[in-house]
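Peer 1: Got a predicted model here, sequence first, then my questions.
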Amino acid sequence: MAKKVLILSSSPRRNGNSDTLCDEFMHGAQEAGNQVEKIFLKDKHINYCTGCSVCSMYNKPCPQKDDANEVVEKMITSDVIVMATPVYFYTMSAQMKTLIDRCCARYLEIKNKEFYFIVAAAEESVPMMERTIDGFRGFLDCLETPKECGVIYGVGAWKAGEINDKPAMKEAYEMGKGI
């Protein structure tokens with residue numbers, strides 16, 4: 001049965017290494033017959049959470065008028081969520097963290113989802129990437145019955161395009177195809 005797949009690319013550069021891995025994942029998922037949408041977060045206007053507590057204390061929608069609610073709504077209605085980030089100082093990009101923080105108003109509705117994580121870094125060590133993945137896992141710890149299904153470690157790629165010759169490209173395609 002086809003699934004609704006949402007890919008969240010938080011690279012600040014289109015066709016950067018993590019974004020390229022997203023495209024490979026997307027191609028595999030589409031070839032497997034899934035409905036896939038990729039959101040390039042840089043194209044969205046998503047403000048920081050202000051900590052106003054309107055959502056948490058008063059159970060009301062976030063009062064900010066930006067694109068966060070649109071993206072969170074798509075997360076809620078998807079079956080599969082792919083979260084991709086370049087790794088900066090061993091953690092996720094500010095674009096991804098800002099989106100995660102803005103899930104506060106509706107995170108309890110993001111339930112029963114399959115999650116995949118994609119990271120790209122100049123660092124060669126996969127174990128060093130676990131700090132970034134732990135940030136994603138912290139988000140999942142707050143959700144109801146999430147299922148972590150896979151991680152793609154795009155290591156050893158600094159400049160845009162350096163990921164193209166790395167094993168992560170094939171892994172991304174195959175992981176997408178396996179949905």
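Peer 2: Great, that's in hand.
Peer 1: what's the weakest-modelled helix or strand in the protein?
Peer 2: Least confident element among the helices and strands of the chain, by mean pLDDT, DSSP states H and E: helix 54-58 (a mean of 90).
Peer 1: With only the CA atoms kept, save the next helix or strand after it in PDB.
Peer 2: As assigned by DSSP states H and E, the chain's next helix or strand after helix 54-58 is helix 68-77. Taking C-alpha atoms only, helix 68-77 is exported to PDB below (Å, rounded to 0.1, in the frame of the first residue of the first chain):
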ATOM      1  CA  ALA A  68       5.000  26.600  10.500                       C
ATOM      2  CA  ASN A  69       1.400  25.500  10.800                       C
ATOM      3  CA  GLU A  70       1.300  24.500   7.200                       C
ATOM      4  CA  VAL A  71       4.400  22.300   7.600                       C
ATOM      5  CA  VAL A  72       3.300  20.800  10.900                       C
ATOM      6  CA  GLU A  73      -0.100  20.000   9.400                       C
ATOM      7  CA  LYS A  74       1.700  18.000   6.600                       C
ATOM      8  CA  MET A  75       3.700  16.200   9.300                       C
ATOM      9  CA  ILE A  76       0.400  15.200  11.000                       C
ATOM     10  CA  THR A  77      -1.200  13.900   7.800                       C
END
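Peer 1: Shouldn't F117 be within a helix?
Peer 2: No: with DSSP: H, G, I helix; E, B strand; the rest coil as the criterion, F117 is assigned strand and is not in a helix.
Peer 1: which ones are touching it?
Peer 2: 82-84, 133, 136, 148, 150-152 (Cβ atoms under 8 Å, 6 or more residues apart in numbering). C-beta here means a position set from N, CA and C on the backbone, and glycine is covered the same way.
Peer 1: what does P12 give?
Peer 2: Here P12 is in contact with 42, 86, 93, 95 (Cβ under 8 Å, 6+ apart).
Peer 1: can you tell me how far the closest residue to the first one other than its chain neighbours sits from P127?
Peer 2: Going back to what we said before, that points to K42. Spatial nearest neighbour of K42, excluding adjacent residues (Cβ to Cβ, 6 or more residues apart in numbering): P12 at 5.6 Å. Remark: distance between P12 and P127 (Cβ to Cβ, to the nearest Å) = 25 Å.
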